[in-house]
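Chemist: with the sequence up front, the predicted model follows.
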Amino acid sequence: GDSVTQTEGLVTLTKGLPVMLNCTYQTTYSPFLFWYVQHLNEAPKLLLKSSTDNKRTEHQGFYATLHKSSSSFHLQKSSVQLSDSALYFCALSDRNNYAQGLTFGLGTRVSVFP
Amino acid sequence: EAAVTQSPRNKVTVTGGNVTLSCRQTNSHNYMYWYRQDTGHGLRLIHYSYGAGNLQIGDVPDGYKATRTTQEDFFLLLELASPSQTSLYFCASKDRGSQNTLYFGAGTRLSVL
């Protein structure tokens, strides 16, 4: 079945530094990848998504590129802000399991310090 | 943006108790989902539905029932609650043509003592 792996459970860094959150996936079908962000005591919200190979997608200063050759969809930001402290989920869907929604990774918590 | 409303926001019950979590979406989305979120496990799918009267089993259905009474309303039922069901529960919905984008409610925090 489908799976999503996020290797970092917790990332701590100082404001203004760059960040990269790793996401790799496994599926036998054509993938659609998502990043969701969840701030404390809030619902997860879509950050960005892509199904196009080797095309960078951006939103709110975050960006990611789907690389089907390496089954990866890493999330990056050039300069983090205090407000970026949150839990980030990578998620996967494919045409085979459309009704079941998304398969989520375990999440990466990002803590940004002044 | 799609609106998904969950109630209650917080609930405390005792072991063996009966609990119903409610979810309403007002965007005429076809699909609705119940997830639980636990540290170390991420978001896990309990049940889902693709229309009124339809119910599908997710990945962690044991101990849970669900019912989709209308296009808008999806309920999660715990008939004999256990401490292992202490969790944060999210409802989500999506439209058929939304490229699989899920819209989440604010969550219900359930404690089973």
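Modeler: Arrived safely, thanks for sending.
Chemist: wait, doesn't residue B:96 sit right on residue B:30?
Modeler: Yes. Using Cβ atoms under 8 Å, residue B:96 is in contact with residue B:30, at 4.9 Å. The C-beta positions use only the backbone N, C-alpha and C, and glycine is treated the same way.
Chemist: so which of the two has more stuff around it?
Modeler: More crowded of residue B:96 and residue B:30, by other Cβ atoms under 10 Å in any protein chain shown: residue B:30, with 17 against 11.
Chemist: so what's that one up against?
Modeler: B:50-51, B:71, B:94-96 (Cβ atoms under 8 Å, 6 or more residues apart in numbering or on different chains).
Chemist: among those residues, name the buried ones.
Modeler: The neighbour-count test (16 or more other Cβ atoms under 10 Å in any protein chain shown) marks B:50, B:71, B:94-95 as buried among the contacts of residue B:30.
Chemist: those: which ones sit near chain A?
Modeler: Contacts with chain A within the buried ones among the contacts of residue B:30, counted by Cβ under 8 Å from any Cβ of the partner chain: B:50, B:94.
Chemist: JSON lines please, covering the buried ones among the contacts of residue B:30 and showing pLDDT and secondary structure.
Modeler: What follows is those, written out as JSON lines (pLDDT from 0 to 100; DSSP: H, G, I helix; E, B strand; the rest coil):
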{"residue": "B:50", "pLDDT": "91", "secondary structure": "coil"}
{"residue": "B:71", "pLDDT": "94", "secondary structure": "coil"}
{"residue": "B:94", "pLDDT": "91", "secondary structure": "strand"}
{"residue": "B:95", "pLDDT": "85", "secondary structure": "coil"}
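Chemist: contact partners for residue B:51?
Modeler: B:30, B:68, B:71.
Chemist: repeat that for residue A:11.
Modeler: Counting by Cβ under 8 Å, 6+ apart, residue A:11 has contacts A:19, A:21, A:108-111.
Chemist: just the buried residues out of those, in ChimeraX syntax.
Modeler: Per 16+ other Cβ under 10 Å, the buried members of the contacts of residue A:11 correspond to this ChimeraX selection:
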select /A:19,21,108,110
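Chemist: among the contacts of residue A:11, which are located in strands?
Modeler: Counting by DSSP state E, those place A:19, A:21, A:108-111 in strands.
Chemist: for chain B, what lies in contact range of chain A?
Modeler: Near chain A, when you scan chain B using Cβ under 8 Å from any Cβ, you find B:4, B:31, B:33, B:40-45, B:48, B:50, B:56, B:58, B:90, B:92, B:94, B:99-107.
Chemist: for chain A, see how far away the one residue sitting closest to the centre of chain B is.
Modeler: Geometric centre of chain B, nearest residue: residue B:34, 2.8 Å, by Cα atoms, centre = their mean. Using Cβ to the nearest Cβ, to the nearest Å, we find residue B:34 at a distance of 10 Å from chain A.
Chemist: around chain B, which positions in chain A sit nearby?
Modeler: Contact residues, chain A versus chain B (Cβ under 8 Å from any Cβ): A:32, A:34, A:42-46, A:49, A:51, A:89, A:93, A:98-102, A:104-107.
Chemist: please, a PyMOL command that selects the buried ones among these?
Modeler: Command for PyMOL, covering only those of these found buried under the criterion 16+ other Cβ under 10 Å:
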select buried, chain A and resi 32+34+43+44+46+49+51+89+93+98+99+100+101+102+104+105+106+107
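Chemist: so how far is stretch B:79-95 off the chain centroid?
Modeler: Remark: stretch B:79-95 is offset 5 Å from the chain centroid, using Cα atoms, centre = their mean, to the nearest Å.
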